[in-house]
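> Sharing a model prediction with you, sequence too.
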Amino acid sequence: MTGSAAADVPACASLGLFRDLDSDISLTFLRRFSSQDKADWLSAARLGNWLRAQHYNHLANLDRLWAHLRDAPRGTTGDQAATRAEITLSLVATLSGLREQIAALDKQIAVQLAAHPDASPRCPRPAPFGQLGCSPRSVTPAAAIRPRKR
């Protein structure tokens, strides 16, 4: 986001609130509090209750989280906030879709790695250059590869 758009979207306050912007808790937060008007409902106690309802495991950070939200620049309110909330929700949907695709690819990769000829219970995925005690069949250790002199 650039310029005034970044300051007007409550996603700005969400940046750095949780460790990863694309985490479940961040995306859930942005879905629920997609505008400044909705975020204004929060208090320290309400934030704590909302986090508990989301099964958030880091409630020791509640004071830091509340301070982060409280001290963040305020976004737009009123009619313009509703329009910008739609943008925030669209971005959240995009991130959610990407996360689903990544999870599906991770599963496919895990299946392929498990079926790899060099896979074993001791080394569930092929390790480059014999790391982790594995012995890939046709891999030359990097130390054995030397440039030829001409």
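Yep, it's here. Numbering: from 1, shown residues only.
> Where do the domain boundaries of this protein fall?
Residue ranges for the domains of the chain, per automatic domain parsing: 3-114, 121-150.
> give me the element Gln112 is part of.
Per DSSP states H and E, Gln112 falls inside helix 79-114.
> and that helix, average pLDDT?
For helix 79-114, mean pLDDT rounds to 91.
> That helix: how far from the chain's middle?
A distance of 10 Å separates the centroid of the chain from that of helix 79-114, by Cα atoms, centre = their mean, to the nearest Å.
> Let me see the ranges of the helices in this protein.
3-8, 11-14, 24-32, 36-39, 44-53, 62-71, 79-114 (DSSP state H).
> so what's the spatially most central residue of the chain scoring on pLDDT?
With distances taken as Cα atoms, centre = their mean, Asp22 lies nearest the centre of the chain, 2.8 Å away. We have a pLDDT of 89 for Asp22.
> tell me the contacts of the closest residue to it other than its chain neighbours?
Leaving aside its sequence neighbours, Asp22 sits nearest to Leu95 (Cβ to Cβ, 6 or more residues apart in numbering; 4.9 Å). Where C-beta positions appear, they are placed from N, C-alpha and C, glycine not excepted. The neighbourhood of Leu95, defined by Cβ atoms under 8 Å, 6 or more residues apart in numbering, consists of Leu21, Asp22, Leu27.
> likewise Leu62?
With Cβ under 8 Å, 6+ apart, Leu62 has these contacts: Ala44, Leu47, Gly48, Leu51.
> could you redo the last one with a cut-off of 6 Å?
Counting by Cβ atoms under 6 Å, 6 or more residues apart in numbering, Leu62 touches Gly48.
> Would you mind measuring from it to Trp50?
Separation of Leu62 from Trp50 (Cβ to Cβ, to the nearest Å): 11 Å.
> With Ser34 instead?
Relative to Trp50, and taking Cβ to Cβ, Ser34 is found at 14 Å.
> The two: who's more crowded?
Ser34 (24 against 16; other Cβ atoms under 10 Å).
> so how many other residues sit close to the closest residue to the more buried one other than its chain neighbours?
In this structure, Ser34 finds its nearest non-sequential neighbour in Ala85, 4.0 Å apart by Cβ to Cβ, 6+ apart. Ala85 is flanked by 22 other residues according to other Cβ under 10 Å.
> pLDDT on stretch 42-57, on average?
What stretch 42-57 shows for mean pLDDT is 95.
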